[in-house]
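[1] have a look at this prediction, sequence included:
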Amino acid sequence: MKRSKHSEHQIVKVLGEYENGRKVEDFCWELNIHRATFLNWKKKYSGMNGTDLAELKSL
């Protein structure tokens, strides 16, 4: 499996900005990712914050 060039903390931060109203196209252009990648991140990490992510990693 290919390793992501973006950390999980960066992904959670991006999703938080998305929830605050920023457009998907902006993230795709800025991070040089495909829209499908963003939607996969959204499906996997939606609603998480830094502490939730740390708990998930500890399991």
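    Everything's here; your move. Residues are numbered from 1 along each chain as shown.
[2] can you pull out the helices in the chain?
    Counting by DSSP state H, the chain has these helices, from start to end: 8-19, 24-31, 35-45, 50-58.
[3] what are the buried residues along the second one?
    Taking 16 or more other Cβ atoms under 10 Å as the basis for neighbour counts, the residues of helix 24-31 that come out buried are 27, 31. Glycine gets a C-beta too; all of them are placed from N, C-alpha and C.
[4] Val12 contacts Gly47, doesn't it?
    No: checked against Cβ atoms under 8 Å, the pair Val12 and Gly47 is beyond contact range at 9.6 Å.
[5] looking at the helices of the chain, which is buried most?
    Most buried of these by mean neighbour count (mean count of other Cβ atoms under 10 Å) is helix 8-19; its value is a mean of 16.
[6] dump that helix to CSV, restricted to CA.
    Below are the C-alpha coordinates for helix 8-19, written out as CSV (Å, rounded to 0.1, in the frame of the first residue of the first chain):
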residue,chain,number,x,y,z
GLU,A,8,-3.2,12.3,9.5
HIS,A,9,-3.1,15.5,11.6
GLN,A,10,-2.9,17.5,8.4
ILE,A,11,-5.9,15.6,7.0
VAL,A,12,-7.9,16.2,10.1
LYS,A,13,-7.0,19.9,9.9
VAL,A,14,-8.1,20.1,6.2
LEU,A,15,-11.4,18.4,7.0
GLY,A,16,-12.0,20.9,9.8
GLU,A,17,-11.5,23.8,7.4
TYR,A,18,-13.8,22.1,4.9
GLU,A,19,-16.5,21.9,7.6
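[7] right, I'll leave it there.
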